[in-house]
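**Q** Provided below are the primary sequence and the corresponding predicted coordinates.
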Amino acid sequence: MRRGYTIWLALEGYMRRRLLDADYKEVKTPQLMDSRFWEASGHWGKYRENMFVVPDVVPNTEEGGKVFKEEPKSFLALKPMNCPAHADFSSRGSSRTATCRCASRNSDAATGTSRTVRCMV
């Protein structure tokens, strides 16, 4: 096992113990989320330029054709932060939730440990 992953696992284990001791419930949210979540939370307008976005259409498999047969009408984005997914849990009455997942950002604008393309959140 690589040292970086060993450190990752140790940090993740430490975070889980602390969160469980504080009575948080661990949840898993999707890494790829519909843009409607980001729009509803206000993150789409503010952070869109630093998000990895993909169209929600099946790519064209014909040789030499356009990448997409149809113009994308909706988009998905890799999760740069947990806010919208956790806000959904909070709206259902579960306010003490936590996750040990990655976030992906397409920017040098992030600070601290988030400066990498992927970070643990």
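**A** Good, I have the coordinates.
**Q** And G42, its phi and psi?
**A** phi 90, psi 0 (degrees, to the nearest 10).
**Q** Show me which residues of the longest helix along the chain are buried.
**A** Longest helix in the chain by number of residues (criterion: DSSP state H): helix 3-21. Buried positions in helix 3-21, judged by neighbour count with 16 or more other Cβ atoms under 10 Å: M15, L19. Backbone N, C-alpha and C define where each C-beta goes, glycine included.
**Q** got the CA positions of that helix in PDB?
**A** Only the C-alpha atoms of helix 3-21 are listed here, as PDB (Å, rounded to 0.1, in the frame of the first residue of the first chain):
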ATOM      1  CA  ARG A   3       2.200   5.800   2.000                       C
ATOM      2  CA  GLY A   4      -0.200   8.500   0.800                       C
ATOM      3  CA  TYR A   5      -3.100   6.100   0.900                       C
ATOM      4  CA  THR A   6      -2.000   4.800   4.300                       C
ATOM      5  CA  ILE A   7      -2.100   8.400   5.600                       C
ATOM      6  CA  TRP A   8      -5.500   8.900   3.900                       C
ATOM      7  CA  LEU A   9      -7.000   5.800   5.700                       C
ATOM      8  CA  ALA A  10      -5.600   6.900   9.100                       C
ATOM      9  CA  LEU A  11      -7.000  10.300   8.700                       C
ATOM     10  CA  GLU A  12     -10.400   8.900   7.500                       C
ATOM     11  CA  GLY A  13     -10.400   6.600  10.500                       C
ATOM     12  CA  TYR A  14      -9.600   9.400  12.900                       C
ATOM     13  CA  MET A  15     -12.300  11.600  11.400                       C
ATOM     14  CA  ARG A  16     -14.900   8.800  11.700                       C
ATOM     15  CA  ARG A  17     -14.100   8.100  15.300                       C
ATOM     16  CA  ARG A  18     -14.400  11.800  16.200                       C
ATOM     17  CA  LEU A  19     -17.700  12.200  14.300                       C
ATOM     18  CA  LEU A  20     -19.200   9.000  15.800                       C
ATOM     19  CA  ASP A  21     -18.200  10.200  19.300                       C
END
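**Q** That's all I had, so thanks and see you.
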